[in-house]
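In: After the sequence you'll find the predicted model.
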Amino acid sequence: MKQLTEQLARAIVRPRSRNTYKGSFGKILIIGGNAQYGGAAIMSASAAVYAGAGLVSVATDPVNRSALHARLPEAMILDASTSALETAIHQATVIVVGPGLGTDTTALKILKRVFAAVSQTQVLIIDGSAITLVATHHLAYPQAQLIWTPHQVEWQRLSGLALAAQTIEASQQAAAKIPGIIIAKSAQTHVFIGHEIYANTAGGPAMATGGSGDTLTGIIAAFAGQFHPLSQAVLAAVFVHSHVADIVAMNSYVALPTMVIRELPAYLKQLSVSAN
């Protein structure tokens, strides 16, 4: 088993070339946020913006429009129930589906539309309630570069492993049957990439608050849009999220997602400078 460290993140987060523009750093589409859980999509989109994504759009319930524009004017917004969703999917390089999406029939229809529209060349991050929908309705896996971000209960639904049975060995065997990268979130997160297992060395109980997973998903999306290869970008994103939370926790009882998001640009700058 390998470990996620700052050294790995430093090797991925490089200084930006002067000859670039916003399109050089990924076109990210966040799909989620129903009328009840709009904050999840907003946090995911905020994390993507603050982690350096070039362009971020949010396909969501229209009720979230004012809140998104007030909290994150850098992001664009579209109604997930319209045909604009397919257009946005085709234009994106990285797609996130699930933060605050819900599990009702409307959410299921949106998820099926995403799976039908995505292509093999795109990165698709399946998060939150989208994982539950896949497991509950036995949906066929889409043809894309897949990244899964289940917490322990979601991993139980997706893998069939009861919580008590989620050993490293059992989870690795289950992950081998699912295409893509699996980020199994827990007190110590593990990432399964093919036959390799990575243990996160950062993070702590200050992160145990709603929205932490949505924040991680946004960081992964931003890194996937900016850095290569994809597997190393994902590993770096997992470490950076937890390490920045550790920095926040040095002076705070809880590392709220919004606090972690605000600290991202400064830490990424440190990594890029030290890379030189």
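Out: Perfect, I can see it now. Since the structure is predicted, the reported quantities are computational estimates derived from the model, not experimental observations.
In: State the three-state secondary structure for V58.
Out: Classification of V58 by DSSP: H, G, I helix; E, B strand; the rest coil places it in strand.
In: any idea of the pLDDT on it?
Out: On pLDDT, V58 comes in at 98.
In: number of nearby residues for it?
Out: By other Cβ atoms under 10 Å, 29 other residues sit near V58. The C-beta positions use only the backbone N, C-alpha and C, and glycine is treated the same way.
In: can you pull out the strands in the protein?
Out: Under the criterion DSSP state E, the chain contains strands at 2-4, 27-31, 55-60, 76-79, 94-97, 123-127, 145-149, 181-184, 190-193, 196-200.
In: Export these to JSON lines and append columns for distance to L268.
Out: Shown next, in JSON lines, are these (distance: least, Cβ to Cβ, whole Å):
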{"stretch": "strand 2-4", "distance to L268": "16"}
{"stretch": "strand 27-31", "distance to L268": "16"}
{"stretch": "strand 55-60", "distance to L268": "16"}
{"stretch": "strand 76-79", "distance to L268": "22"}
{"stretch": "strand 94-97", "distance to L268": "17"}
{"stretch": "strand 123-127", "distance to L268": "19"}
{"stretch": "strand 145-149", "distance to L268": "20"}
{"stretch": "strand 181-184", "distance to L268": "19"}
{"stretch": "strand 190-193", "distance to L268": "20"}
{"stretch": "strand 196-200", "distance to L268": "18"}
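In: All the helices of this protein, in order from the start?
Out: Listed in chain order, the helices of the chain (DSSP state H) span 6-12, 38-50, 65-71, 84-91, 105-117, 129-137, 152-159, 168-175, 212-226, 230-249, 257-275.
In: and P205, which of those is closest to it?
Out: Closest to P205 of the helices of the chain is helix 230-249 (Cβ to Cβ; 8.4 Å).
In: Distance from the closest one to the middle of the chain?
Out: Centroid separation for helix 230-249 versus its chain: 11 Å, with Cα atoms, centre = their mean, to the nearest Å.
In: Quick one: mean pLDDT for it?
Out: The average pLDDT within helix 230-249 is 98.
In: Also stretch 83-96?
Out: Average pLDDT, stretch 83-96: 98.
In: How about V114: what's its closest non-neighbour residue?
Out: Computed as Cβ to Cβ, 6 or more residues apart in numbering, the closest residue to V114 that is not its neighbour in sequence is V97, at 5.0 Å.
In: who does the one you found bridge with?
Out: I31, I126 (DSSP bridges).
In: Report how many residues lie close to it.
Out: Using other Cβ under 10 Å, V97 has 31 other residues around it.
In: One more: E6?
Out: 17.
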